[in-house]
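1. Give me coordinates for this.
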Amino acid sequence: MADHLDYRRIADRVAADIAAGRLRPGERLPPQRVFARRRGIAASTAGRVYGELVRRGLVVGEVGRGTFVRAAPVPSGRALAEPATTAPVNLELNYPSAPGQPELLARGLTPLLRPDVLAEATRTAPATGTAAAREAVAALLATPGWRPDPAQVLFAGNARQAIAGALASLVRPGGRVGVEPLTYPLVKEIAGRLGVTLVPLAADEEGLRPDAVAAAHRSAPLAALYVQPTLHNPTTATAGAARRARLGAVVEELGLPVIEDRIWSFLGPDTAPLAACAPGHVHVVDGLSKRVAPGLTAGFLVVPRDRVEHTAGALRSGGWTAGRFALEAGTRWIADGTVARLVSAKRADAAARQRLVAEHLADFTVRADPRAYYAWWQLPAPWRADTFTAAAARRGIAVTPGPAFVVPPVRPAGPGAPAAGLPAADPQAAGVPVAGGGSAVDCVRLGLASAPPPELARALRTLADVARGGP
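-> So this is what the prediction gives:
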């Protein structure tokens, strides 16, 4: 057998067939052993070829079905944060805006335009912000049973930068971070840039399972966890009080740091964060981009008392600290009640948009908390996420395919294996099962916040018709 052939050259040939249309979207590739026999290569080499095609986004593996030519590329995490489509209806981006929001924000900015105030507001700000900002954010984030100490509040340019700062302060390059098997796509990009390996851990209807955390850490130590226990993106799962307490006990027992992403928590129940259960281990991430607006925002990071200086240093060295003007504006909006009014309006808006989902997708399997600004749709057979995403795009609607959220499994070290901790190029990775049945390859996420309600309703009706019609 020609094992000496570079598997990448073989992948190049398959990629050329896809580009030329000789292999069409949705076409099934032969099983790896058949591919190996036809090409005169080892089965292990065939596995590497398929893994390389998955890595390039050209094919998708489905557990129990096989490997198929992808009909649409999986968007990068950046696509969920920046306009990346010309589709008239964008259900990828998810930035809510309340009626009358510009007028509300303008009133809070007026005092900043006085020359003496503006001079102060345009100075640089440290990662610790200002005393007024720390007090305001501590009050904003407080829930029954938990109120952060203002001295433990740090500031970043946005919540994504807060995540990056927390990861950089906690995990060295090559370190392992446990995450839910479906996670925020930008976290995958951040981890890649920092040289951090994400390790998917088992989850259920309430999110990350504490026993899975303990088992993974004892098998190969984790440096930290990144979790979304409130309105998990994309599934909208929320952990109950008992689950949070159990998870808190496990991380305390293991001495394991946690990054808790609460960027959507303002829509959910007034449940205390995981930080209330393990205050010495949990780093809470939040911000104003969803509560207020993405263009003038600040990220918040509440850290354990003994981590303040080190985490502030990571924010400074990464260039991730907040701008002083945004910090001053945010502080005023919190203090004068603007943020509270926007939150109230957005809670009502999210509930109204979820009612549209319930109305127009009633015949389908959709997981959606009625308070969330997104929904997780398990598509009817024979649809797959990539073919449905492409079909929606042809009708001017952008949705996010489920595999964009998948964290590939980590390949264990062994003879002939890559360095320990490297993500496995597993063609079945996108077939990761999700709570409630199905797999990510069968699902799409619908972002409900950005389209005006009439436009959203029309888009949902169109998507329902597409799903009923079949590929």
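2. which residue sits closest to the residue positioned nearest the centre of the chain, ignoring its sequence neighbours?
-> Geometric centre of the chain, nearest residue: residue 184, 1.0 Å, by C-alpha atoms, centre = their mean. Once flanking residues are discounted, residue 184 sits nearest to residue 233: 5.6 Å by C-beta to C-beta, 6 or more residues apart in numbering. From N, CA and C alone the C-beta is placed, and that goes for glycine too.
3. Could you measure from the one you found over to residue 163?
-> 13 Å (C-beta to C-beta, to the nearest Å).
4. Next: residue 45.
-> Distance from residue 45 to residue 163, by C-beta to C-beta: 38 Å.
5. neighbour-wise, which of these two wins?
-> Each of residue 45 and residue 163 has its neighbours counted (other C-beta atoms under 10 Å); residue 163 has more, 26 against 22.
6. need the contact list for residue 16.
-> By C-beta atoms under 8 Å, 6 or more residues apart in numbering, residue 16 lies in contact with nothing.
7. buried sites along the strand or helix carrying it?
-> Following DSSP states H and E, one finds residue 16 within helix 7-19. For helix 7-19, the neighbour count (16 or more other C-beta atoms under 10 Å) marks 7, 10-11, 14-15, 18 as buried.
8. Tell me which two of those sit farthest apart.
-> Comparing every pair within those by C-beta to C-beta identifies 7 and 18 as the most remote, at 16.3 Å.
9. Where does the prediction get shaky in the stretch 301-450 of the chain?
-> 411-438 (pLDDT under 70).
10. quick one: the helices in the stretch 201-350 of the chain?
-> Listed in chain order, the helices found in the stretch 201-350 of the chain under DSSP state H, counting those that start in this stretch are 210-219, 241-254, 308-318, 324-335, 338-360.
11. For these, state which one has the densest average packing.
-> Ranked by average neighbour count under the criterion mean count of other C-beta atoms under 10 Å, the helices of the stretch 201-350 of the chain are headed by helix 324-335 at a mean of 22.
12. any idea how far residue 108 lies from residue 31?
-> On the measure of C-beta to C-beta, residue 108 and residue 31 end up 61 Å apart.
13. List the contacts of the closest residue to residue 306 other than its chain neighbours.
-> The shortest distance from residue 306 to any non-neighbouring residue, by C-beta to C-beta, 6+ apart, is to residue 280 (7.8 Å). Contacts here follow C-beta under 8 Å, 6+ apart; on that basis residue 280 touches 252, 304-306.
14. for residue 198, same thing?
-> Per C-beta under 8 Å, 6+ apart, neighbours of residue 198: 176-179, 183, 187-188, 191, 226, 407, 423.
15. what pairs with whichever strand or helix holds it, and is each one parallel or antiparallel?
-> Assigned by DSSP H and E, residue 198 belongs to strand 197-200. Sheet pairing of strand 197-200 (DSSP bridges) gives strand 176-179 (parallel).
16. Show the contacting residues for the residue nearest to residue 184.
-> Applying C-beta under 8 Å, 6+ apart to residue 233 gives the contacts 184, 264, 374, 405, 445.
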